[in-house]
Each structure stands twice: as C-alpha cells, then as structure tokens.
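Here is a sequence with its predicted model. Questions after.
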Amino acid sequence: MMETDTPFARCEVPSAAVRAPLRILLAEDDEDTRHLIAFELRDAGANVVETENGRQALDSFRRSFDSGPHFDLIVSDFKMPKLSGLKLLSAVRESCDVFPFVLMTAYHDGDVQGEARRLGASAILRKPFDFTELRNLIRRLG
C-alpha cells in the first residue's frame, strides 16, 4: 500500500481471493464503442461503470475512495473530450503510484505509447482490438 497523507492512500487493489467480481471503470467517449466494450466486460463477469469522458472517469475514481467500493482497474480511451486518457492516467498516478490502467488508442503514434508507458500504463491496446485480447489482458491484470 502506498504511504501518503492524501485521501487516496488506499490504492492497493484487493487480491483476487478477496474481491469478486472485478470492478472496472471504463472511460470511452464513443457511445457505441463504450457500450460494446462494457457488454464484453460484463459478459466476462466484471462490474463496469461507464463514463463518457476523462473528467467523469476521474470524478468516479475519486468518489470511489469516499463512498466505495473501489475500482480494481481503469480502461480508458486515449482521445476524449474534457480530459484525455493520458491526463486521466497522470491524475490517477498522482493519487496512486500503482494502479492497473489500460489505455486504448487508435493512434499508433510512438509518442503517445511512450508517454503512456512513462506514466505507468499497465497496458496499451491498439484499436481495433480483438475482445479476446481485452478479456485476457483484464484477467491478467485483475
């Protein structure tokens, strides 16, 4: 567990034996894509909270520390209004040194991927991706 005086000190993700099902915060601005990804994650047994931009995702993440239950993982698109996936990742890292974060991007730009890695993204999924790949990644990270 991270040692800090911030209200987000409880960033440790519970072990698989303690939690069930996995709670995933999904940030994706495209409604159809968001619903499709959420459907696939729910079909795999996860509880999913959907947000349509990075600002909503960050607010949900922060609220989870006040009212619980905490999220186990964030899956976020890169390009979104109000707060990009990289800005969301950066804000999460200010609160939690270690927190599973998957960044999805249709931009195959090495700079974006390099910045995501520098900020500590657990994984980067290049769109379009296979849902089996997403499920396997979530299983590994969760």
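Here it is on my side, so go on.

where does the residue nearest to the spatial centre of the chain land in three-state SS?
Centrality entry for the chain: nearest residue to the mean C-alpha point is Ile74, 1.3 Å, by Cα atoms, centre = their mean. Reducing the assignment at Ile74 to three states with DSSP: H, G, I helix; E, B strand; the rest coil gives strand.

how about the helices in this structure?
Counting by DSSP state H, one finds helices in the chain at the ranges 31-43, 54-67, 85-95, 110-119, 131-141.

out of these, deepest packed?
Stretch with highest mean neighbour count among these: helix 85-95 (a mean of 20; mean count of other Cβ atoms under 10 Å). Where you see a C-beta, it was placed from the backbone N, CA and C, and this is true even at glycine.

And that helix, what does it pack against?
helix 54-67, strand 73-77, strand 101-105, helix 110-119 (3 or more Cβ pairs under 8 Å, 6 or more residues apart in numbering; DSSP states H and E).

Could you figure out how far the third one is turned away from helix 31-43?
Orientation of strand 101-105 against helix 31-43 (axes from the mean of the first three to the mean of the last three Cα atoms, to 10 degrees) gives an angle of 140 degrees.

Give me the average confidence score over strand 101-105.
For strand 101-105, the mean pLDDT works out to 95.

If I take it and strand 73-77, what angle do their directions form?
Strand 101-105 and strand 73-77 meet at an angle of 20 degrees, taking the same axes, to 10 degrees as the criterion.

Any chance you could list what contacts strand 101-105?
28, 73-79, 85-86, 89, 92, 112-113, 116, 120-127, 129, 137-138, 141 (Cβ atoms under 8 Å, 6 or more residues apart in numbering).
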